[in-house]
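K.L.:
Fold the following.
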Amino acid sequence: MAFREIKPEQLPGNVVDEICNKWMLLAAGTPDDFNFMTVNWGMMGELWFQPAVTVYVRDSRHTLGYMENNDTFTLISLKEGHQQALSIAGSKSGRDIDKVKETGLTPVSLDGAPSFEEAAYTIVCKKMYQAPLDVSKIVDEEAVTRAYPDPVDAHQMFIGKIIKAYINE
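P.N.:
Presented below is the predicted three-dimensional model:
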């Protein structure tokens, strides 16, 4: 496997499909100490004149501390055939298990940020903004009912500038 740097505009596939239907991994930390989880809420585009992503992490997630305490994070699209790894990453906590061991994924470092050999592509982001998502400001009642049956476990919103993108050939 070889990671090759590409421009964010050259990322393959449909980002909406990747995030909503296939799920992506969000990883934060250092090569020696990191955690990861699935994300299926997020956006990609441009903000403040640069390519950017927005991701949301529930207050209860173990990954939140890694996001808060590190300047960079990665979004990772796994190659086909890793649905079981995505399922474990989305349903088990790094507080309770060794996610790397349980998922069978192989960690690699890209510019000091965590990714996996099994990645189809990896987006390396530098944190630009973080704020709690204020559930009281959501005007779509159905969204509130479906997403926040327990309003105490809301989300933190993170916006990251895309600093590098890599495709795994």
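
K.L.:
For the protein, which segments count as strands?
P.N.:
3-6, 24-29, 34-39, 42-47, 50-58, 72-78, 107-110, 113-116, 119-132, 155-168 (DSSP state E).

K.L.:
for the second one, packing partners?
P.N.:
Contact analysis of strand 24-29 by 3 or more C-beta pairs under 8 Å, 6 or more residues apart in numbering; DSSP states H and E lists strand 34-39, helix 63-69, strand 72-78, strand 113-116 as its packing neighbours. Every residue, glycine included, has its C-beta placed from N, CA and C.

K.L.:
which of the ones you listed sits most buried?
P.N.:
Of all the helices and strands packed on strand 24-29, strand 113-116 has the most neighbours on average by mean count of other C-beta atoms under 10 Å, namely a mean of 27.

K.L.:
Each with direction, which strands does that strand pair with?
P.N.:
Strand 113-116 has the following strand partners under DSSP bridges: strand 107-110 (antiparallel).

K.L.:
For the partner strand, the averaged confidence score.
P.N.:
Averaging pLDDT along strand 107-110 gives 96.

K.L.:
before we move on, what about stretch 81-93?
P.N.:
Here the average pLDDT along stretch 81-93 is 91.

K.L.:
Same check on stretch 121-135?
P.N.:
Here the average pLDDT along stretch 121-135 is 95.

K.L.:
buried stuff in it?
P.N.:
Buried residues in stretch 121-135, defined by neighbour count with 16 or more other C-beta atoms under 10 Å: 121-125, 127-128, 133.

K.L.:
just stretch 50-57 next, same as before
P.N.:
So, applying 16+ other C-beta under 10 Å, buried residues of stretch 50-57: 51-57.

K.L.:
Nearest to Ala28 among these?
P.N.:
Of all the buried residues of stretch 50-57, Ala28 sits closest to Val57, with 8.9 Å by C-beta to C-beta.

K.L.:
ok, that closest one to Phe158 distance?
P.N.:
7 Å (C-beta to C-beta, to the nearest Å).

K.L.:
repeat for Glu46
P.N.:
Applying C-beta to C-beta to Glu46 and Phe158 gives a distance of 16 Å.

K.L.:
between those two, who's got more neighbours?
P.N.:
Phe158 (23 against 10; other C-beta atoms under 10 Å).

K.L.:
give the contact list for the more buried one.
P.N.:
Counting by C-beta atoms under 8 Å, 6 or more residues apart in numbering, Phe158 makes contact with 54-57, 67, 73, 127, 129-130.

K.L.:
Make a markdown table from these and add distance to Glu169 to it.
P.N.:
Below are the contacts of Phe158 laid out as a markdown table (distance: C-beta to C-beta, whole Å):
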| residue | distance to Glu169 |
| --- | --- |
| Thr54 | 28 |
| Val55 | 26 |
| Tyr56 | 31 |
| Val57 | 30 |
| Met67 | 29 |
| Phe73 | 23 |
| Lys127 | 28 |
| Tyr129 | 32 |
| Gln130 | 33 |
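
K.L.:
I am finished for the moment; much appreciated.
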